[in-house]
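Q: Fold the stuff below for me.
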Amino acid sequence: MPRLSTAAKHLSTTLRELDGDDGLPFVSMLPGAALESALTRHAVDFRDRVFPPDITLAAFCSQLISLSRACRGAVARTNVERRRRGLRACSSSTSGYCQARRRLPLALIEELARDSGHALEAGVPERWLWKGRRVKLLDGTTVSMPDTPENQERWPQNPAQRPGLGFPIMRVVCLMSLATAAIIDLSFGPYAGDKTGEQALARQLFSRLDRGDIVLADRAFAGYFLIALARERGADLITRLHQARRVDFRRGKRLGRGDHVIELVKPPRPKWMDEATYKRMPETLELREVDSGATDRDGKKITVVTTLTDPKRYSRTELAAASKMRWNIELDLRAIKTVMGMDILVCKTPEMITKELWAYVLTYNLVRQIIVASAKRAEVEPRQISFTAALQHFQAFAPALSWCSPEEGRRLYETMLDLIATCRVADRPDRREPRAVKRRKKVRLLTEPRAAARKHRT
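A: Sure thing, here's the model as predicted:
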């Protein structure tokens with residue numbers, strides 16, 4: 001029988017040792033030693049409270065996968081466990097819990113979120129790599145939040161909307177693992193403004209690239225300087241030809257039909273780049289362009305652009321297939337935004353919005369940790385397992401795991417992993433769906449701020 005993962009061992013041996021926690025769904029999955037070290041490093045207060053830091057963080061993560069995401073539910077789950085242990089129930093008021101969340105240092109949640117993704121990536125078996133190399137997906141998205149004056153000031157709404165009719169929008173760029181689908185790091189900023197585009201946010205993530213990595217991104221990241229910065233880190237890039245460029249396979253060094261190597265000359269210095277960095281950039285870039293043989297939904301041919309110029313090690317067919325794997329990040333973003341609910345954040349202040357964002361990353365990575373453990377046990381790849389099904393199974397098993405003995409907990413945990421491994425996703429290459437919905441629902445839209453609309457109501 002395959003060995004249990006570190007998370008499984010930790011869970012099975014601590015289920016009955018809850019003197020220091022409240023038995024919430026994620027409390028046994030948070031890495032004990034790493035969490036204790038991080039709490040000490042960030043000088044987090046450990047005074048005896050109903051909501052000490054470790055329990056507050058576990059409650060925060062559990063809150064994000066609940067149906068309503070309400071703070072009252074987090075307090076209720078804590079009281080269930082307190083009564084099970086014979087302790088007096090705390091007040092059902094959410095004030096203490098909300099205050100405890102505000103006391104949690106943002107740096108602590110960020111560190112644990114990043115470390116969780118890095119740990120999953122570091123433990124990837126050789127068979128999950130692409131041609132022996134780690135592939136990291138890069139893409140951007142947006143999330144919205146409550147329309148409060150503080151949030152609007154930090155992350156203004158779409159400038160095309162009239163004041164009072166929109167919601168604050170945050171632009172987010174994620175760096176994710178192709179093998180495990182874990183979030184390695186992310187950067188974020190306002191939806192519009194100076195140095196707030198996806199390319200600017202992506203550059204902040206390049207420090208997380210390791211030598212030998214391959215970045216798989218869409219054509220928005222196919223600019224000269226982004227490619228040069230990736231190469232400076234020792235990473236390669238696979239992307240699609242930018243829509244502003246044209247391909248001519250009659251030029252350059254021909255490698256085969258629809259396959260050649262070209263040389264790009266360094267363009268003038270952009271406004272965002274300082275003079276020292278510009279001088280450091282190479283005068284030319286050698287890129288390979290490959291006709292993938294596929295077309296997009298508009299019927300245009302898809303040309304793959306890459307820094308992998310060796311045709312013997314990376315064939316045209318392999319590069320075309322690799323470019324299609326970029327779509328995985330769209331599915332991963334759907335998992336954390338639609339399935340988990342990160343598309344609409346609920347906190348009312350910029351400070352808590354930022355904590356909520358990183359708490360989502362940590363929670364998402366912890367669910368991915370379960371999927372990776374299940375995949376290793378079943379000898380399949382994590383991307384063959386449904387994220388939604390894994391989350392549903394964890395939600396179903398978590399209460400029972402909190403109440404049973406260590407021996408029963410081990411058996412239930414193994415059963416959960418086995419059941420999760422059976423929930424496979426279909427292999428649907430080149431699937432295309434219209435970006436439209438069938439179900440009709442007529443809803444009136446506000447054309448003025450709600451306060452003004454109330455006065456006009458008859």
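Q: C-alpha only now, for contacts and for neighbours.
A: OK.
Q: which residues of the stretch 51-200 of the chain fall in strands?
A: All strands of the stretch 51-200 of the chain, identified by DSSP state E, counting those that start in this stretch, fall at 135-144, 169-177, 183-190.
Q: actually the stretch 201-350 of the chain, not the one I wrote
A: Under the criterion DSSP E, counting those that start in this stretch, the stretch 201-350 of the chain contains strands at 214-217, 236-240, 253-256, 259-265, 284-295, 301-306.
Q: can you dump the C-alpha coordinates of the fourth one into PDB?
A: Only the C-alpha atoms of strand 259-265 are listed here, as PDB (Å, rounded to 0.1, in the frame of the first residue of the first chain):
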ATOM      1  CA  ASP A 259       8.700  25.700 -38.500                       C
ATOM      2  CA  HIS A 260      11.500  28.200 -38.400                       C
ATOM      3  CA  VAL A 261      13.700  30.300 -36.100                       C
ATOM      4  CA  ILE A 262      13.800  34.100 -36.400                       C
ATOM      5  CA  GLU A 263      15.800  36.800 -34.700                       C
ATOM      6  CA  LEU A 264      14.000  39.800 -33.100                       C
ATOM      7  CA  VAL A 265      15.900  43.100 -32.600                       C
END
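Q: what helices or strands is it leaning on?
A: Under the contact criterion of 3 or more Cα pairs under 8 Å, 6 or more residues apart in numbering; DSSP states H and E, strand 259-265 touches strand 253-256, strand 284-295.
Q: May I see the ones you listed arranged in a markdown table, with distance to Gln384 and mean pLDDT as well?
A: As requested, the helices and strands packed on strand 259-265 are exported to a markdown table (distance: least, Cα to Cα, whole Å; pLDDT from 0 to 100):
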| stretch | distance to Gln384 | mean pLDDT |
| --- | --- | --- |
| strand 253-256 | 34 | 93 |
| strand 284-295 | 24 | 92 |
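Q: Next, format the ones you listed as CSV and append distance to Leu445 and mean neighbour count.
A: Formatted as CSV, the helices and strands packed on strand 259-265 follow (distance: least, Cα to Cα, whole Å; neighbours: other Cα atoms under 10 Å):
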stretch, distance to Leu445, mean neighbour count
strand 253-256, 55, 14
strand 284-295, 37, 19
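Q: Relative to Trp272, how far out is Tyr278?
A: Counting by Cα to Cα, to the nearest Å, the separation of Tyr278 from Trp272 is 10 Å.
Q: quick one, which of the two is more surrounded?
A: Set Tyr278 next to Trp272 and count neighbours by other Cα atoms under 10 Å: Tyr278 wins out with 16 against 9.
Q: residues contacting that one?
A: Counting by Cα atoms under 8 Å, 6 or more residues apart in numbering, Tyr278 makes contact with Arg269.
Q: By mean pLDDT, flag the weakest helix or strand of the protein.
A: helix 6-14 (a mean of 37; mean pLDDT, DSSP states H and E).
Q: Counting by contacts, list what whichever helix or strand comes after that one packs against.
A: Following helix 6-14 in sequence order, the next helix or strand is helix 32-41 (DSSP states H and E). If you count contacts as 3+ Cα pairs under 8 Å, 6+ apart, helix 32-41 packs onto helix 106-122.
Q: Show me which positions of the helix it packs on end up buried.
A: Across helix 106-122, burial judged by 16 or more other Cα atoms under 10 Å covers 106, 108-110, 112-118, 120-121.
Q: Reformat the residues you listed into a markdown table and put pLDDT and distance to Cys61 next to each item.
A: What follows is the buried residues of helix 106-122, written out as a markdown table (pLDDT from 0 to 100; distance: Cα to Cα, whole Å):
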| residue | pLDDT | distance to Cys61 |
| --- | --- | --- |
| Leu106 | 93 | 14 |
| Leu108 | 91 | 14 |
| Ile109 | 93 | 10 |
| Glu110 | 94 | 13 |
| Leu112 | 91 | 12 |
| Ala113 | 94 | 11 |
| Arg114 | 94 | 15 |
| Asp115 | 92 | 16 |
| Ser116 | 92 | 13 |
| Gly117 | 94 | 15 |
| His118 | 94 | 19 |
| Leu120 | 94 | 18 |
| Glu121 | 94 | 21 |
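Q: Which stretch among the strands of the stretch 201-350 of the chain approaches Ser374 most closely?
A: strand 214-217 (25.7 Å; Cα to Cα).
Q: which residues sit against the closest one?
A: With contact meaning Cα under 8 Å, 6+ apart, strand 214-217 is reached by 133-139, 235-240, 323, 326.
Q: Just the buried residues of stretch 261-275, please?
A: Those buried within stretch 261-275 under the rule 16+ other Cα under 10 Å are 261-262.
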